[in-house]
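> Starting from these lines, generate the structure:
(chains A and B)
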2 protein chains.
Amino acid sequence: MIVVAPDAERSAIGHAITTTLPLRVQEFRRGDEVMGFASNGTPADCVKIAVRALLDAPPDLVVSGINRGSNMGTNVIYSGTVSAATEARILGIPSLAVSLDTHGSADWTYAAVVARRLAARVLEHGLPPRVLLNVNVPNLPPGRIRGLRITRQGDSRFVEEFVVREDPRHRPYYWLTGAYEVNDADPETDGWAVANGYVSVTPISFDLTAHAARAELAGWDLDA
Amino acid sequence: MIVVAPDAERSAIGHAITTTLPLRVQEFRRGDEVMGFASNGTPADCVKIAVRALLDAPPDLVVSGINRGSNMGTNVIYSGTVSAATEARILGIPSLAVSLDTHGSADWTYAAVVARRLAARVLEHGLPPRVLLNVNVPNLPPGRIRGLRITRQGDSRFVEEFVVREDPRHRPYYWLTGAYEVNDADPETDGWAVANGYVSVTPISFDLTAHAARAELAGWDLDA
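Reported below is the predicted structural model:
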């Protein structure tokens, strides 16, 4: 196993990639063995540079995470953790993103067990083209985890507000803040599963096409 | 119409949002009239701060772009232009992203005509929940545009390489480079449409769930 990770937190970086600055990479060794690399890039950059420049051969599997904090509902699109796994899948490598549902004290043990088990299943079965797994684990002792559910991406999201402050030169600046709004009453959703003690596994894709909407648009008079 | 835009290019920023730094906003006026705002944030930040802090009321429609350079195929996920439109749709506002297929000399006139026409259609018909339009316009004189196609997101993508250089202190750095690989022989795709002189309109969504894959995963022995 090789770790390639950003050299600092990259929360809410989404699927950003770095094109206007060069990337730096720092290698970490234990004796003669390469343990991993730290990069000044984004999570998606880390996967690109690992596969294209750092590793001798593409990995069999990319596991992104374990992230502190869930990546569920609408928030999935802001997630660097998910984007790194997506990047791997774009490169043809099976992948999963794993997140632990806490911003406080974390017990990573069970999430690691789940990640290892799912990794084995992915290697065993393969994944459909363009599909990867987005895994969210409740921050509970193993004995209180109720099982695992195959879910869909829910509707929970961060509802933003901006706090306006004034700097010492009397010029305003804006801090993004807000609250997480839970809209997942449906037991099929990732949010419901985790809130109810289940590990959530959502198969996701980077094909964003809203296929059902294509027929509707065809009825519009678009050429006029 | 109000313009809220990043204060410099934000290529390949994807759906990044700014949570660890405050945002600055510069207002532009013509006489008493507010023409727009420039922000140090990402395209998605611009939509958030416009709707939540700068505008008196939410807009009826958000048009993101016109971007120099297409946003099609796999590359859609890296696009700040598309992410700004997505952000609007998350906030419940109908939206479209418009990109012009050139990195060289651009004639924006026809793309603007298309944007205006599609904006009118969106206001007239509304959009399905969670769906927005990703519009790509060929860089051709209007007389050579063959029409408009409702497409799906294709498979074309940027295939990366990294160029390694050495800085004056003999430390390596890596530049992301590569070539755009066209995989869109299917006339249903965005890439085919634009390459063949059509305006491409792809309905896209921020529900990433790979619904077809859920049944397949249910057959795996995931709890064991």
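> Which element, helix or strand, includes the spatially most central residue of chain A?
The residue lying closest to the centre of chain A (CA atoms, centre = their mean) is residue A:82, at 2.0 Å. In this assignment (DSSP states H and E), residue A:82 forms part of helix A:80-90.
> Show me what that helix is packed up against.
Here helix A:80-90 is seen to pack against helix A:43-49, strand A:62-68, strand A:95-101, strand A:131-138 when contacts are counted using 3 or more CB pairs under 8 Å, 6 or more residues apart in numbering or on different chains; DSSP states H and E. (C-beta placed from N, C-alpha, C; glycine too.)
> Okay, angle between the top helix by length along chain A and strand A:95-101 too, please.
Across chain A, the longest stretch assigned as helix under DSSP state H is helix A:108-125. Between helix A:108-125 and strand A:95-101, the angle comes out at 160 degrees (axes from the mean of the first three to the mean of the last three CA atoms, to 10 degrees).
> where's the helix holding residue A:82 relative to the chain centroid, distance-wise?
7 Å (CA atoms, centre = their mean, to the nearest Å).
> Which residue, other than its chain neighbours, is closest to residue A:97?
Setting aside the residues directly before and after it, residue A:97 is nearest to residue A:85 in space (CB to CB, 6 or more residues apart in numbering or on different chains), at 3.9 Å.
> Isn't that neighbour up against residue A:62?
Yes - Residue A:85 lies in contact with residue A:62 (CB atoms under 8 Å); the separation is 6.2 Å.
> These two: which is more packed in?
In terms of neighbours (other CB atoms under 10 Å in any protein chain shown), residue A:85 is the more surrounded of residue A:85 and residue A:62; the figures are 30 against 25.
> How much space separates the more buried one from chain B?
Going from residue A:85 to chain B by CB to the nearest CB, to the nearest Å gives 11 Å.
> For that residue, list the residues it contacts.
Residues near residue A:85 by CB atoms under 8 Å, 6 or more residues apart in numbering or on different chains: A:62, A:63, A:64, A:95, A:96, A:97, A:132, A:133, A:134.
> same deal with residue A:26?
Applying CB under 8 Å, 6+ apart, the residues near residue A:26 are A:7, A:37, A:38, A:39.
> what residues do residue A:85 and residue A:62 have in common as contacts?
Counting by CB under 8 Å, 6+ apart, the residues touching both residue A:85 and residue A:62 are A:95, A:96.
> show me the contacts for the nearest residue to residue A:171 once chain neighbours are set aside.
Spatial nearest neighbour of residue A:171, chain neighbours left out: residue B:24 (7.7 Å); criterion: CB to CB, 6+ apart. Neighbouring residues of residue B:24 by CB under 8 Å, 6+ apart: A:171, A:173, A:174, B:39, B:40.
> how about 10 Å then?
A:167, A:171, A:172, A:173, A:174, B:7, B:38, B:39, B:40, B:41 (CB atoms under 10 Å, 6 or more residues apart in numbering or on different chains).
> Just confirm the first one contacts residue B:22, I think it does.
So the one you mean is residue A:167. Yes - applying CB atoms under 10 Å, one finds residue A:167 in contact with residue B:22, separated by 8.8 Å.
> Please say which of those two ends up with more neighbours.
A count of neighbours by other CB under 10 Å puts residue B:22 above the other of residue A:167 and residue B:22, at 17 against 10.
> burial of residue A:150, as a residue count?
For residue A:150, using other CB under 10 Å, the count is 20.
> And stretch A:211-223, what's buried?
Neighbour-count burial for stretch A:211-223 flags A:213, A:214, A:217, A:220, A:222 (criterion: 16 or more other CB atoms under 10 Å in any protein chain shown).
> how far away is residue A:106 from residue A:112?
Residue A:106 is 11 Å from residue A:112, where distance means CB to CB, to the nearest Å.
> Return every residue with contacts to both of those two.
Joint contacts of residue A:106 and residue A:112 (CB under 10 Å, 6+ apart) are A:66, A:100.
> what stretches of chain A score poorly on pLDDT?
Within chain A, the segments meeting pLDDT under 70 span A:224.
> What sits closest to residue A:48 if chain neighbours are left out?
Nearest to residue A:48 is residue B:160, by CB to CB, 6+ apart, at 5.3 Å.
> quick one: strands adjacent to the helix or strand containing the one you found?
For residue B:160, the host element (DSSP H and E) is strand B:157-166. Strands flanking strand B:157-166 in the sheet, each with its direction: strand B:172-181 (antiparallel) (DSSP bridges).
> just checking, what packs against the helix or strand following the strand it pairs with?
Next along the chain after strand B:172-181, taking DSSP H and E as the criterion, comes helix B:190-195. Applying 3 or more CB pairs under 10 Å, 6 or more residues apart in numbering or on different chains; DSSP states H and E, one finds that helix B:190-195 contacts strand B:95-101, strand B:131-138, strand B:147-150, strand B:198-205.
> is chain A contacted by the shortest one?
Yes - with CB under 10 Å from any CB of the partner chain as the threshold, strand B:147-150 lies in contact with chain A, specifically through B:147, B:148, B:149, B:150.
> Whichever of the residues you listed end up buried, select them in PyMOL.
Per 16+ other CB under 10 Å, the buried members of the residues of strand B:147-150 next to chain A correspond to this PyMOL selection:
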select buried, chain B and resi 148+149+150
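> Nearest to residue A:138, out of the residues of strand B:147-150 next to chain A: which one, please.
The closest of the residues of strand B:147-150 next to chain A to residue A:138 turns out to be residue B:150 (CB to CB; 41.3 Å).
> List the contacts of the closest one.
A:213-220, A:222, B:133, B:188, B:193, B:200-203.
> and what of residue A:34?
Contacts of residue A:34 by CB under 10 Å, 6+ apart are A:2, A:3, A:27, A:28, A:54, A:55.
> Out of those, who's the most crowded?
Counting by other CB under 10 Å, top hit in the contacts of residue A:34: residue A:54 with 19 neighbours.
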